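Student: only geometry, no sequence info:
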């Protein structure tokens, strides 16, 4: 019983809302962790700020018997920082691209109540290209994958995903499998 | 004399009440925000990662909240008012 509860933190079928029968998730893509790590550095500064202030004003606080109110203000500050950290992590995790054996789904989360989901069927894919721009993207092996569709529709873009070449190859493999079945 | 003591007492009590009301409102909005975050992570999150984040977030939020309430219980508000009045 307990093992089955904890299994949700270890394994997942990567199922999603609106999944068709017989549809299998091949790739679940998110932006490169570099972007969230940069944000975390900012939060580390916010986390350390009260420690620095406390160290600086320690004599004044103890002299006026204000250490408890200061600790209370710090605890309120940490509640705010904690929620902000997880807001950023939520936005990062919910911004996904799902490649299944039937289609590609782009789910973009711009805030809690602003979500765009678009999809593209494999049969409509004509061409894919990879773009790696700049020193950071080259060294950390991430970049954009552009998917060209049939017709005059807007291009489908996977932004700043890790190992874009591998993703491109996988998509082209799925497209050729799909066309062989037709 | 008694009247003045009563007025001074009421001033402190009303400021205390206003302070606590704002604090309770703040805590209420904090938990609403946390609920929305947890809801998004568990309902829309795909894969294992969002569930792990949700679990860590819930545990951390509860711990921080209880620490905050414990410190609040030890605050002597009268001491702060005395300092302000000085």
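Tutor: Structure's in. What do you need? All values reported here derive from a predicted model rather than from experimental measurement.
Student: Spell out which parts of chain B neighbour chain A.
Tutor: Contact residues (CB under 8 Å from any CB of the partner chain) of chain B with chain A: B:26, B:30, B:33-34, B:36-37, B:40-41, B:44-53, B:55, B:57, B:60-61, B:64-65, B:67-68, B:71-72, B:74-76, B:79-80, B:83. Heads up, the C-betas are built off the backbone N, CA and C, glycines and all.
Student: and those, which are buried?
Tutor: The neighbour-count criterion (16 or more other CB atoms under 10 Å in any protein chain shown) marks B:30, B:33-34, B:37, B:40-41, B:44-47, B:49-53, B:55, B:57, B:60-61, B:64-65, B:67-68, B:71-72, B:80 among the residues of chain B next to chain A as buried.
Student: In strands, which of those residues appear?
Tutor: The strands, defined by DSSP state E, take in nothing from those.
Student: Now intersect these with the helices, please.
Tutor: B:30, B:33-34, B:37, B:40-41, B:44, B:49-53, B:55, B:57, B:60-61, B:64-65, B:67-68, B:71-72, B:80 (DSSP state H).
Student: show me what contacts the residue in chain A that chain B sits nearest to?
Tutor: Of all residues in chain A, the one sitting closest to chain B is residue A:75 (4.1 Å; CB to the nearest CB). For residue A:75, the contacting residues are B:64, B:67-68, B:71, by CB atoms under 8 Å, 6 or more residues apart in numbering or on different chains.
Student: Check the offset of the one helix or strand it maps to from the chain's centre.
Tutor: For residue A:75, the element it lies in under DSSP states H and E is helix A:67-94. Remark: helix A:67-94 is offset 20 Å from the chain centroid, using CA atoms, centre = their mean, to the nearest Å.
Student: Could you list the buried residues of that helix?
Tutor: Quick answer for helix A:67-94 (16+ other CB under 10 Å): A:68-72, A:74-79, A:81-83, A:85-94.
Student: likewise stretch A:156-175?
Tutor: Neighbour counts over stretch A:156-175 (16+ other CB under 10 Å) mark A:156, A:158-164, A:167-168, A:171, A:174-175 as buried.
Student: Looking at those residues, which is nearest residue A:20?
Tutor: Of all the buried residues of stretch A:156-175, residue A:174 has the smallest distance to residue A:20: 15.0 Å, by CB to CB.
Student: Leaving out chain neighbours, which residue sits closest to that closest one?
Tutor: residue A:122 (5.9 Å; CB to CB, 6 or more residues apart in numbering or on different chains).
Student: Whether stretch A:34-44 contacts chain B - can you check?
Tutor: No. Contact of stretch A:34-44 with chain B (CB under 8 Å from any CB) is absent, the minimum separation being 10.9 Å.
Student: I would like the residues contacting that stretch, please.
Tutor: A:81, A:84-85, A:88-89, A:92, A:136, A:140, A:142, A:160.
Student: Which pair in those residues has the greatest spatial separation?
Tutor: Going by CB to CB, the pair spanning the contacts of stretch A:34-44 furthest: A:81 and A:142, at 27.5 Å.
Student: Specify the local secondary structure of the residue nearest in space to the middle of chain B.
Tutor: Centroid-nearest residue in chain B: residue B:27, 4.1 Å away (criterion: CA atoms, centre = their mean). Using DSSP: H, G, I helix; E, B strand; the rest coil as the criterion, the local structure at residue B:27 reads helix.
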